[in-house]
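> kindly generate the corresponding structure for this input.
(2 chains)
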Amino acid sequence: MQTRGPSIWERMLSIDRRILYLLLFANIVLFLLLPIRMRAAVSPPVQKFYDEIEKLQPGDLVMISSNWSASTLAENQPQLEAVIRHLMRKKAKFTLISVEAQSRDISYRLASRLTPEGGYEYGRDWAHFGFVTNLIVSIKGMVNNLPDTIKKDVRGTPVSELPLLKGITSLRQYKMIIDVTPSATVPFWISYAPKETKILYCPTSVMAAEAYTFLDSGQIKGMITGAKGAQEYEQLLGIVGLGTRFVNAISFSHVLIILFIFLGNLALFMNRRQMRQEG
Amino acid sequence: MWQIQNPNTPTGQLILWMIVLGAFIMIMGLVPLLHALPPRGRRAIIVIITFITGLFFAIEFFLPINKEQKNFLTDAIQPAQQAVQVITALALALGTYGLVRLHLRNVVQQRAQWGYSLVLLISFVMMATFSITNTLSEQGLVEKTPLLEQGFKLLFDYTLVQLDAAMFSLIAFYIFSAAYRAFRIRSVEAGILMFTAIVVMIGVVPLGATISPYLPGVANWILTSLNAPVQRAIEFGVGIGGLAMAIRLWLSLERGVT
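Numbers count the residues shown, from 1 in each chain, chains lettered A, B, ... in the order given. Coordinates of the predicted model:
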């Protein structure tokens, strides 16, 4: 007796995962290379973020908490680059701090590369406080006595001797805190940072859903969600950065995933129907 | 707080070094002492230290503050922060020692897959050498030579960062495969979930605005009006659970703490 071979639906249901990987890889490479530019509808959290930085005056001091490592580079690097560029445009001064060991080097090197664009000089316009092991204790310490808590910057200079921090003794004197992170560090800033200091948030896309409660309550004043948020921000700034370059690959990967979820369900439905018909 | 007067003078430096040496000898003496103690005695010490340190942070947080936004414990936060840094550094040194010892033994005794241990040891030594020297050069303590600059760039920017990013990006491929195989509409609820997911996935990217100007608004409404209240409820639950867990850890009631 001749047995029937697997139907197209059965073959679709047992598709080799390497084919799926290859399709996604080709999709990402193709849309990274294609020079398509789609205008985004700027989401309200990104617009609020932009508006808050626009309110800064030249010389205002901003703390950037950069806590990401290379694993989330594709999302956090476009955010940090766009934020630093905007701060430089507003002539705001900034300091960086990292609670993630690898981020200390990544953010320092990134800021060292970007700051000459705005004519920024290390020590005068920006500085990096290096790696701290415990964020809660560090925030509390910086609120109470910043120079005593941080002591030296990444270049070994006592922070009290930095022209940038002349007369700065507490985190209370900062206008804003920007948390660029893939981890749940923003609740620590909300809990322990001075209430009068505004907090802005740059999470990875997967972390953003949890932050909408803080946006609602006003504890976070604005949010850039992952690389697609960075693209919206770059659009507001009128620049083409990493977010703009990445967003097509993200958009069409979403389409591919949706298409294959649909195909998977169609194959399941048709296969069941075929089996019922065959008894 | 107690501070050394004029730490940059020869006498101040001598006092500083004596304190460092004294603390080192004390800690080195404490470790064998703790090892020699019976488990019950060791547990008592750990429980007491955990309780006192936890109590310090709790009292400092809850006590009322004066006009200078301080209470009588606030000034002790700096030494506490430094103590945390020292403990972390000690833990890191201990972890490094354990790691190197294990892999060195693998290589010397040529155990199974000792080649991986050799790669780890070589990578570890190279990365540590270039990283420490690079940090010292940033602080102007050693000269920044082209070899150091290029070596660090090769190891950090072109190797570690790229490998780390590549490892994480693999998740996208697993998500794609899992979504295709597992996301099945077997009920009305699953259908609603899928429809919502599609609207958000397309609505939050620029393609959504290209398809329809209403899609981003709908996606944002789902995130703020449906997602946020549910997240808030979950966070309340997690918060209460976290508080209960923190109290159990503070009072050393959690099994495995000691």
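> list the buried ones in the longest helix anywhere in chain A?
Using DSSP state H to define each element, chain A has its longest helix at helix A:242-277. By 16 or more other Cβ atoms under 10 Å in any protein chain shown, the buried positions in helix A:242-277 come out as A:242-244, A:246-254, A:256-258, A:260-261, A:264-265, A:267-268, A:270-271. Where you see a C-beta, it was placed from the backbone N, CA and C, and this is true even at glycine.
> which of the residues you listed are close to chain B?
Among the buried residues of helix A:242-277, proximity to chain B is found for A:247, A:250-254, A:256-258, A:260-261, A:264-265, A:268 (Cβ under 8 Å from any Cβ of the partner chain).
> could I get the residues you listed as JSON lines with pLDDT and distance to A:R109?
Below are those laid out as JSON lines (pLDDT from 0 to 100; distance: Cβ to Cβ, whole Å):
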{"residue": "A:V247", "pLDDT": "92", "distance to A:R109": "24"}
{"residue": "A:I250", "pLDDT": "92", "distance to A:R109": "25"}
{"residue": "A:S251", "pLDDT": "92", "distance to A:R109": "29"}
{"residue": "A:F252", "pLDDT": "93", "distance to A:R109": "31"}
{"residue": "A:S253", "pLDDT": "94", "distance to A:R109": "28"}
{"residue": "A:H254", "pLDDT": "93", "distance to A:R109": "31"}
{"residue": "A:L256", "pLDDT": "95", "distance to A:R109": "34"}
{"residue": "A:I257", "pLDDT": "94", "distance to A:R109": "34"}
{"residue": "A:I258", "pLDDT": "94", "distance to A:R109": "37"}
{"residue": "A:F260", "pLDDT": "95", "distance to A:R109": "38"}
{"residue": "A:I261", "pLDDT": "94", "distance to A:R109": "40"}
{"residue": "A:G264", "pLDDT": "93", "distance to A:R109": "43"}
{"residue": "A:N265", "pLDDT": "93", "distance to A:R109": "46"}
{"residue": "A:L268", "pLDDT": "92", "distance to A:R109": "49"}
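> need the max-distance pair from those.
The two members of these with the most space between them (Cβ to Cβ) are A:V247 and A:L268, at 31.9 Å.
> need the three-state assignment for B:N66.
coil (DSSP: H, G, I helix; E, B strand; the rest coil).
> quick one: residues contacting it.
Applying Cβ atoms under 8 Å, 6 or more residues apart in numbering or on different chains, we find B:N66 in contact with no residue.
> repeat that with 10 Å
Residues near B:N66 by Cβ atoms under 10 Å, 6 or more residues apart in numbering or on different chains: B:F72, B:T74.
> now do A:I177
Neighbour list for A:I177: A:62-65, A:97, A:139, A:171, A:186, A:189-190, A:193-194, A:197-201, A:221 [criterion: Cβ under 10 Å, 6+ apart].
> and with 8 Å instead?
Contacts for A:I177 (Cβ under 8 Å, 6+ apart) come out as A:V62, A:M63, A:I64, A:S65, A:L171, A:W189, A:A193, A:T197, A:K198, A:I199, A:L200.
> now A:G118
Contacts of A:G118 by Cβ under 8 Å, 6+ apart are A:R85, A:M88, A:R89, A:D125.
> report the separation between the residue most central in space within chain A and chain B.
Centroid-nearest residue in chain A, with Cα atoms, centre = their mean: A:N76, separated by 3.3 Å. From A:N76 over to chain B the distance is 11 Å, taken as Cβ to the nearest Cβ, to the nearest Å.
> that residue in helix, strand or coil?
Under three-state DSSP, A:N76 falls in the helix class.
> what's the answer for the one 4 residues further on, then?
Applying three-state DSSP to A:L80 yields a three-state assignment of helix.
> do A:G130 as well
Once three-state DSSP is applied, A:G130 turns out strand.
> so which of the contacts of A:I177 belong to helices?
Judged by DSSP H, the subset of those located in helices is A:W189.
> and A:F31, that's in a strand?
No. Counting by three-state DSSP, A:F31 is not part of a strand but helix.
> quick check, pLDDT for it.
At A:F31, the pLDDT value in this model is 93.
> show me what contacts it?
Contacts for A:F31 (Cβ under 8 Å, 6+ apart) come out as A:N248, A:A249, A:S251, A:F252, A:S253.
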